[in-house]
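Participant: A structural model of the following input is requested.
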Amino acid sequence: MKKVVIIGESKTEIEPLVRELGFSVVKKNPDFVISYGGDGTLLKSEFAFPGVPKIILKNSHICKKCPEITNKQILERVKQNKFTIKKYWKLEALVKNKIIYALNEIVVHNKNPQHCIRYKVFINNKELGGEMIGDGLIVATPFGSTAYYKSITDSFFEVGMGLAFNNSAEQADHVVLKENRKIKIKISRGPVIVYADTQPDWISVNDGNEILIQRSFRVAKIVTLN
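Facilitator: Down below sits the predicted model:
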């Protein structure tokens with residue numbers, strides 16, 4: 001019997017079906033995590049149980065990652081082992097001696113919405129342009145490029161890391177970098193907050209601080225139906 005944890009604001013709605021189909025609902029050490037909601041619920045599920053395979057069930061009209069079949073059909077196929085597990089790499093950011101991980105994106109944003117921030121960006125220690133002024137920037141994975149990154153750039157990508165500038169005072173086009181690039185962001189004028197995906201906590205950064213972002217060896221695992 002496969003053990004599952006269910007994540008979602010309305011998880012009690014789906015639990016009877018999950019049990020009916022022979023899954024064991026647990027609170028820890030699951031074989032799978034059922035993400036019952038939309039795209040945001042998937043990010044919350046990965047944050048709560050990193051690296052555990054996710055089964056995505058739809059309970060939202062906004063769920064780009066959900067399979068185009070019913071939740072019952074999805075669970076039946078998982079029960080019958082008619083699935084594969086696809087791995088998606090994450091980003092990691094080193095901020096003030098703390099590492100945070102993101103499946104979608106790392107966000108660097110002005111803490112005070114009334115004031116722009118100033119910063120410089122370095123790719124493999126080579127400066128990209130000059131000092132930037134604006135609301136900040138994001139670094140996205142291919143998996144997350146259809147989310148916040150797309151809302152800024154009106155584009156997405158399938159390979160590499162995406163760098164997008166948020167409300168930049170100067171003309172600053174988005175950039176897609178190779179996956180092995182290392183990004184350093186040096187804050188000239190803050191204050192700044194740094195956070196990952198929809199995670200509830202952020203890190204405050206002040207003038208002179210640096211943020212280092214690169215591809216992580218950690219991966220998210222998502223159930224893909226055969």
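Participant: what about residue 151, which SS state?
Facilitator: Secondary structure assignment for residue 151 (DSSP: H, G, I helix; E, B strand; the rest coil): helix.
Participant: And it, how far from residue 144?
Facilitator: Separation of residue 151 from residue 144 (CB to CB, to the nearest Å) stands at 11 Å. C-betas here are computed from N, CA, C, even on glycine.
Participant: the more surrounded of these two?
Facilitator: With neighbours defined as other CB atoms under 10 Å, residue 151 and residue 144 compare such that residue 144 has more, 25 against 11.
Participant: so who does the closest residue to that one other than its chain neighbours touch?
Facilitator: With sequence-adjacent residues excluded and distances taken as CB to CB, 6 or more residues apart in numbering, residue 144 is closest to residue 104, at 2.8 Å. The contact partners of residue 104, taken as CB atoms under 8 Å, 6 or more residues apart in numbering, are 43, 140-141, 143-144, 147-148, 197.
Participant: tally of neighbours for residue 78?
Facilitator: 21.
Participant: Wasn't it part of a helix?
Facilitator: Yes - checked against three-state DSSP, residue 78 lies within a helix.
Participant: Show the model's pLDDT score for it.
Facilitator: pLDDT for residue 78: 95.
Participant: May I have the longest strand anywhere in the chain as CSV, with CA atoms only?
Facilitator: Looking across the chain with DSSP state E, the single longest strand is strand 210-225. Extracted in CSV, the C-alpha atoms of strand 210-225 (Å, rounded to 0.1, in the frame of the first residue of the first chain):
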residue,chain,number,x,y,z
GLU,A,210,25.9,40.0,-1.9
ILE,A,211,23.5,37.3,-3.1
LEU,A,212,24.9,34.3,-4.8
ILE,A,213,22.6,32.2,-7.0
GLN,A,214,23.4,29.0,-8.9
ARG,A,215,21.9,25.7,-10.0
SER,A,216,21.5,23.3,-7.0
PHE,A,217,22.2,19.6,-6.9
ARG,A,218,18.8,19.2,-5.3
VAL,A,219,15.9,18.2,-7.5
ALA,A,220,12.1,18.0,-7.3
LYS,A,221,10.5,14.8,-8.3
ILE,A,222,7.1,14.9,-10.1
VAL,A,223,4.9,11.9,-11.1
THR,A,224,4.4,11.9,-14.8
LEU,A,225,1.7,9.5,-16.2
